[in-house]
Every structure is written in C-alpha cells, then in structure tokens.
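> Coordinates for the following, if possible.
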Amino acid sequence: MTQLHALIFDIDGTMSDTERDGHRVAFNRAFAEAGLDWDWSVSLYGELLEVTGGKERIRFYLEQYQPDFEPPTGLDKFIADIHATKIKCFQQLAAEGAMPLLVGVKRLIEEARTQGVRLAIATTASRPNVTALLEHTLGANSPDWFEVIAAGDIVPAKKPAPDVYQYVLQMMNLEAQDCLAIEDSYQGLEAASQLGLKTVVTVNEYTQNQDFSGAILVLNHLGEPLQPFSVIAGDAGDASYVDIALVQRLHAH
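Alright, predicted model coming up:
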C-alpha cells in the first residue's frame with residue numbers, strides 16, 4: 001500500500017470562491033481604473049473561465065467581445081498592464097476579507113500539518129494573489145506551510161496541461177502515487193489525472209455541471225463536523241467531512 005505523503009491544493013474555487021467574488025470583481029475594477037466601460041457579469045465570467053490564466057482570459061475577451069478595440073499601446077503590453085492592475089485589486093479584495101475560505105479548508109490544512117502530511121499548491125493564479133489570499137485567511141506565516149507554491153507562469157502550459165503538477169512533484173521529490181490533489185474544475189482534474197494523481201473535487205457555482213468522472217470523490221465542500229458535506233459522486237463511507245483519515249482511505253483505495 002502506497003503511503004500518502006502530500007496534499008496538493010488548487011486555489012481558485014477550491015480554497016475560496018475567488019473566481020466570482022475575487023478575480024471577476026478585480027478585473028472589473030482594473031477595467032474601470034483604465035477608463036474602460038467593460039463589465040464582466042457573473043454569467044459572462046463563467047464562460048471566460050473556460051480559458052485558464054488571467055492574461056489569456058483578457059485576450060480571449062478582446063477577440064470574442066471587443067474585436068474592434070484598439071489598445072492605446074501594443075496588445076501584449078496593454079494586457080500585461082491591465083493584469084498587473086487586476087492583481088493589485090485582487091490583493092485589496094483579499095485584505096478587505098471579501099474571499100473567506102470555503103467550508104473545511106482551514107481545518108483540513110491544519111490537520112495535515114499536525115499529522116505530518118506535506119502541503120503544496122498547484123494553481124494558475126499569480127503568486128502575489130496566492131500569497132495575499134493565504135495571509136488574509138490563514139495568517140501572515142501561512143505561505144510557509146506549503147512546501148511548494150507553483151503559481152502563475154511558473155510553467156509554460158497552464159491547466160488542463162499537467163505541467164504545474166509535474167513541477168510540484170519534481171520540487172517535492174515525490175511520485176504521483178504519493179499524493180492526492182484537491183480541485184474544483186474539470187481543467188484541474190484533467191491536469192492532475194494525466195499524471196495519475198488521485199483527485200478529490202469540490203464543486204462551485206461555475207463548475208457544478210462539469211464532468212468529474214475521473215475524480216475519486218466529488219463533494220459540494222470539504223465539510224465540517226457540524227456542517228456535513230453532500231456526496232455528488234464517489235464513496236465517502238460513513239464520513240461526513242474530509243479529514244486526514246478519509247483522505248488516507250481514499251488514497252489507499
């Protein structure tokens with residue numbers, strides 16, 4: 001039986017509902033600061049989420065919704081400038097407490113630490129955004145809890161490519177069979193599954209109708225002792241919240 005050595009967390013939509021309440025709002029604030037009247041609604045942002053990566057998302061939006069827009073500078077610089085402003089806006093939102101952690105996330109992370117299960121992050125979010133979210137939800141020193149934080153453009157290809165997970169495994173000197181991933185989207189599940197990483201999925205408003213047939217367990221959230229999860233797919237046995245004991249059983253199955 002292979003022992004579980006590490007949990008690898010996605011960030012956006014997995015640790016916190018950062019997509020709807022963070023990134024979307026931050027993009028809109030960045031547009032306003034640039035004097036643009038663009039507004040990404042909740043429903044439109046759901047469509048844009050099919051494109052992974054913030055700069056890639058802006059480029060897709062321009063191609064599909066603003067084909068006649070002429071940027072004041074070169075397109076690449078314009079997108080980079082908007083994205084830099086958006087990062088600053090996201091950090092402000094994090095400081096304002098706009099993106100609390102989702103049910104069960106803090107408890108599971110703290111339990112992993114006490115039981116010697118290593119922690120890592122694999123995300124397409126930028127490193128400054130990850131740090132801001134962690135510091136304002138888990139505490140100033142919490143980024144140090146994660147042995148590897150693979151974020152942003154650290155690898156050339158973003159999810160659903162497996163590159164970011166491959167990077168984490170290499171940096172931790174672990175094999176896929178040593179770890180379990182926690183994701184919220186089809187793209188994230190696909191990235192993890194290509195390397196053979198077993199994956200638990202917690203869904204949200206944007207991902208609840210995606211195909212998660214490759215996950216070992218699909219839930220509405222990680223749960224708490226007094227706030228049990230609902231199982232969407234898979235077998236959680238008699239568990240009502242995700243703890244290290246359940247994670248180890250899922251990993252060994």
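
> Would you mind stating the distance between Gln248 and His5?
11 Å (CB to CB, to the nearest Å). In this view, the C-beta of every residue, glycine as well, is placed from N, C-alpha and C.

> let me redo that: Gly196
Taken as CB to CB, the span from Gly196 to His5 is 15 Å.

> Among these two, which residue is more densely surrounded?
Each of Gly196 and His5 has its neighbours counted (other CB atoms under 10 Å); His5 has more, 17 against 12.

> so where's the stretch 1-150 of the chain uncertain?
Per-residue confidence for the stretch 1-150 of the chain (pLDDT under 70) gives these ranges: 1.

> which stretches of it form strands?
6-9, 118-122, 148-150 (DSSP state E, counting those that start in this stretch).

> Can you tell me the closest non-neighbouring residue to Ser142?
Leu134 (4.6 Å; CB to CB, 6 or more residues apart in numbering).

> who's in contact with the one you found?
Applying CB atoms under 8 Å, 6 or more residues apart in numbering to Leu134 gives the contacts Ser142, Pro143, Phe146.

> closest to Pro71 among those residues?
Pro143 (34.0 Å; CB to CB).

> ok, the closest one - how many residues close by?
17.

> show me what contacts it?
Taking CB under 8 Å, 6+ apart as the test, what Pro143 contacts is Val130, Thr131, Leu134, Glu135, Ile149.

> so can I have TSV of the strands of the stretch 1-150 of the chain showing distance to Gln210?
Below are those laid out as TSV (distance: least, CB to CB, whole Å):
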stretch	distance to Gln210
strand 6-9	18
strand 118-122	18
strand 148-150	22
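
> Compare the ones you listed and give me the one nearest Gly74.
Counting by CB to CB, Gly74 lies closest to strand 148-150 out of the strands of the stretch 1-150 of the chain; the figure is 29.1 Å.

> Which elements pack onto the closest one?
strand 118-122, helix 127-137, helix 163-172 (3 or more CB pairs under 8 Å, 6 or more residues apart in numbering; DSSP states H and E).

> pull the CA atoms of the shortest one into PDB?
Once side chains and other backbone atoms are set aside, the C-alpha atoms of strand 118-122 remain, and they are given as PDB (Å, rounded to 0.1, in the frame of the first residue of the first chain):
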ATOM      1  CA  ARG A 118       3.200  17.700   3.400                       C
ATOM      2  CA  LEU A 119       1.300  20.500   1.700                       C
ATOM      3  CA  ALA A 120       1.700  22.200  -1.700                       C
ATOM      4  CA  ILE A 121      -0.200  24.400  -4.100                       C
ATOM      5  CA  ALA A 122      -0.700  24.000  -7.800                       C
END
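
> Mind listing residues that contact it?
Identification of contacts with strand 118-122 by CB under 8 Å, 6+ apart yields 5-11, 109, 112-113, 130, 145-151, 164-165, 167-168, 171-172, 174, 179, 181, 191-192.

> rerun at 6 Å
Outside strand 118-122, the residues that touch it by CB atoms under 6 Å, 6 or more residues apart in numbering are 5-9, 112, 145-150, 164-165, 168.

> Counting neighbours, which of the contacts of Pro143 end up buried?
Buried members of the contacts of Pro143, scored by 16 or more other CB atoms under 10 Å, are Val130, Thr131, Leu134, Glu135, Ile149.

> For stretch 218-227, give the distance from the opening residue to the closing one.
With CA to CA, to the nearest Å as the measure, stretch 218-227 spans 16 Å from end to end.

> Mind listing residues that contact it?
Applying CB under 6 Å, 6+ apart, the set of residues contacting stretch 218-227 is 102-104, 108, 201-202, 212, 229-230, 232-234, 240-242.

> The chain: helices as residue ranges?
Remark: helices assigned in the chain by DSSP state H are 18, 24-33, 42-48, 54-65, 75-95, 105-114, 127-137, 163-172, 186-193, 244-252.
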